[in-house]
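A.B. asks: I would like to see how this sequence folds:
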Amino acid sequence: MIKFNDRKHYSLINIKPNNSSTINENIIFFGFLGLLCLTFGIGFFFLGATLILPFAGIEIIALIIVLRLNRNWSSQWQKIKIDKLYVEIEEKKGKQTKNKFDRFLSKFIVESKNGRKIYFVNKNTKIELGSFLTEKEKDKLINFLERKVQQFNFS
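C.D. replies: Got it, this is the predicted structure:
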């Protein structure tokens, strides 16, 4: 999901993955699956199938791992602020980072090897932008960045 915010002296781009459900809804869904798995495991345990219970525990551990991976992926985001002199990139992928770069020593690169990737490059820094976006969203981001860079170059 991309949100563009144009101001007079700068432009702000907010990028987040598409989420069909919130983190709380995911916890409820995976919790229900875990409870269902545990209920079947205990039920079969009382019927004499004792080997079912350890596998039910393994399934619950797998659900917890999937829930954590899902939460980490869906909580990532990037904010790009472009003005005449600087480009600020703030992102959260595990930990939150914020960097400010000189715009004239920087560039945006689009690579088409194995799917399109958008990079911001400044000296020794290379940051991938919107790795979780769809192709249509990447097209929008590329068009917006081209337009803004040209606008700030000629104003």
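A.B. asks: in stretch 146-154, which residues are buried?
C.D. replies: Lys148, Val149, Phe152 (16 or more other CB atoms under 10 Å). In short, each C-beta sits where N, CA and C put it, glycine included.
A.B. asks: out of these, which one sits closest to Asp83?
C.D. replies: Nearest to Asp83 out of these is Phe152 (CB to CB; 7.0 Å).
A.B. asks: could the buried residues of stretch 146-154 go into CSV alongside pLDDT and secondary structure?
C.D. replies: Below are the buried residues of stretch 146-154 laid out as CSV (pLDDT from 0 to 100; DSSP: H, G, I helix; E, B strand; the rest coil):
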residue, pLDDT, secondary structure
Lys148, 86, helix
Val149, 84, helix
Phe152, 81, helix
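A.B. asks: reformat the residues you listed as CSV; add distance to Asn14.
C.D. replies: Output for these, formatted as CSV (distance: CB to CB, whole Å):
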residue, distance to Asn14
Lys148, 14
Val149, 18
Phe152, 19
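A.B. asks: phi, psi of the residue of the chain positioned farthest from its centre?
C.D. replies: Here the chain reaches farthest from its C-alpha mean at Gly48, the gap being 45.5 Å by CA atoms, centre = their mean. Gly48 has phi and psi values of phi 110, psi 0 when expressed as degrees, to the nearest 10.
A.B. asks: list the contacts of the spatially most central residue of the chain.
C.D. replies: Taking CA atoms, centre = their mean, the centroid of the chain lies closest to Gln76, which sits 4.1 Å from it. Applying CB atoms under 8 Å, 6 or more residues apart in numbering to Gln76 gives the contacts Lys16, Pro17, Glu91, Lys92, Lys93, Gly94, Phe132.
A.B. asks: for the second one, give me its contacts.
C.D. replies: This points to Pro17. Pro17 makes contact with Met1, Trp73, Ser74, Gln76, Phe132, Leu133 under the criterion CB under 8 Å, 6+ apart.
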